[in-house]
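S.K.: let's see this in three dimensions:
(one chain, ligands or ions: 2)
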Amino acid sequence: MNGSTADERAERERAAERIRARATQALSALSEEQRAAALQAGQQLFARPPTFLMGVADMRQLPAPFEAEAAFAGRSNVGKSSLINALFNRKDVARVSNTPGRTRELNYFTLAEDRLALVDMPGYGYAKAPKSLVRKWQTLVRDYLRGRPSLRRVFILVDSRHGLKEQDRLAMDLLDETAVNYQIVLTKADKTRKDALEKLIARIAAELAVRPAAHPEIHVTSARKKRGLDELRAAIASLLPQEHA
Ligand SMILES: Nc1nc2c(ncn2[C@@H]2O[C@H](COP(=O)(O)OP(=O)(O)OP(=O)(O)O)[C@@H](O)[C@H]2O)c(=O)[nH]1
Ligand SMILES: [Mg+2]
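M.R.: Ligands and ions are numbered 1, 2, ... in the order given. Take a look at the predicted model:
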């Protein structure tokens, strides 16, 4: 943001405005009937396991654009791969590990006859790997987040025990600047007390309110307890163009 002119700022505002208009309404703002339809669309989308298309280690390998693409980003070990598995109600779609740095490429999964892609991303930030490799992933993550036109939404996964960290804020800054819609998903809610969770949600909501490309709704999930999955499936299904919804 530093040093940008008023014109540039105005253009960014307009871009973010367009993104907001395109972004779907929060589930909580829908009528009961619309909400039921959204949940059903989500269920249908995830009823069958996805196809693993490819792992991308370099921007030049990116596949042709999809009708919609959504990415799961977040610090290492927050539970990105686990949540993808939980959405499909399987254990073996994406690789999970106790060692941060399990996911090393942009792993492309396709759904709905290849109309929609879900991307399991390497974690940004700390990972138990050689520094040069970590730097390579960080560059890939950054280049992908700001340079993939068909990316409709980035789900930023945040460990509900730890809250937003510097790396998350840097990712949000980048997405605000490039007007890429993003949404916060809290993970491992089974490990957090209800009152702590409520306080965390209030704090994050206040931060999101002043961020132009942020979707206001915060999802609360637990892959372990299968919490919040229906709502997240619905949010992903809503990214497909309306005629398919
Ligand atoms: N308690 C609890 N643990 C979880 C949950 N989801 C994931 N975990 C654990 O968190 C650890 C990391 O999970 P992953 O899904 O591999 O995390 P990731 O974000 O994909 O990690 P990287 O690929 O390394 O960036 C594993 O030990 C999981 O079992 C959850 O909902 N509850
Ligand atoms: Mg992973």
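S.K.: quick one: strands adjacent to the longest strand belonging to the chain?
M.R.: Ranked by residue count under DSSP state E, the longest strand found in the chain is strand 151-159. Under the criterion DSSP bridges, strand 151-159 sits next to strand 68-74 (parallel), strand 182-187 (parallel) in its sheet.
S.K.: who in the protein is up against ligand 1?
M.R.: Residues of the chain lying near ligand 1 by Cβ under 6 Å from any ligand atom: 74, 76-82, 96-98, 100-103, 122-123, 187-188, 190-191, 222-224. In short, each C-beta sits where N, CA and C put it, glycine included.
S.K.: what's the angle from the strand or helix carrying R135 to strand 151-159?
M.R.: Assigned by DSSP states H and E, R135 belongs to helix 131-146. Here the directions of helix 131-146 and strand 151-159 differ by 130 degrees (axes from the mean of the first three to the mean of the last three Cα atoms, to 10 degrees).
S.K.: who's in contact with helix 131-146?
M.R.: Residues outside helix 131-146 that contact it (Cβ atoms under 8 Å, 6 or more residues apart in numbering): 56-59, 62, 71, 73, 101, 104-106, 119, 121-122, 124, 127, 151, 154, 171, 174-175, 177-178, 180.
S.K.: in PyMOL, how would I select just the buried ones from those?
M.R.: With 16 or more other Cβ atoms under 10 Å as the burial test, the buried ones among the contacts of helix 131-146 are selected in PyMOL as follows:
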select buried, resi 56+62+71+73+101+104+105+106+119+121+122+124+127+151+154+171+174+175+177+178+180
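S.K.: from the contacts of helix 131-146, which ones fall inside strands?
M.R.: Cross-referencing the contacts of helix 131-146 against strands under DSSP E gives 56, 71, 73, 106, 119, 151, 154.
S.K.: with those in mind, which one is nearest to A29?
M.R.: A29 lies nearest to V154 out of the ones in strands among the contacts of helix 131-146, by Cβ to Cβ, at 21.0 Å.
S.K.: next up, the contacts around the closest one.
M.R.: Taking Cβ under 8 Å, 6+ apart, one finds 70-71, 73, 145, 171, 175, 180-183 in contact with V154.
S.K.: please repeat the previous calculation with a cut-off of 10 Å.
M.R.: Residues near V154 by Cβ atoms under 10 Å, 6 or more residues apart in numbering: 69-74, 119, 121, 144-145, 148, 171-172, 174-175, 180-183, 213, 215.
S.K.: just D114 next, same as before
M.R.: Residues near D114 by Cβ under 10 Å, 6+ apart: 50-51, 53, 63, 66-67.
S.K.: and what about it, helix, strand or coil?
M.R.: Here D114 is recorded as coil under DSSP: H, G, I helix; E, B strand; the rest coil.
S.K.: next one: it from ligand 1, what distance?
M.R.: Distance from D114 to ligand 1, counting by Cβ to the nearest ligand atom, to the nearest Å: 23 Å.
S.K.: phi, psi of that residue?
M.R.: phi 70, psi 20 (degrees, to the nearest 10).
S.K.: beta partners of the residue nearest the centre of the chain?
M.R.: For the chain, F155 is the residue whose C-alpha lies nearest the centre (Cα atoms, centre = their mean; 1.3 Å). Beta-bridge pairing of F155 under DSSP bridges involves F72, Q183.
S.K.: got the contact list for whichever residue of the chain sits closest to ligand 1?
M.R.: Relative to ligand 1, the nearest point of the chain is G123 (2.7 Å; Cβ to the nearest ligand atom). Remark: with contacts taken as Cβ under 10 Å, 6+ apart, G123 is in contact with 73-78, 80-81, 100-104, 134, 137-138, 141, 157, 167.
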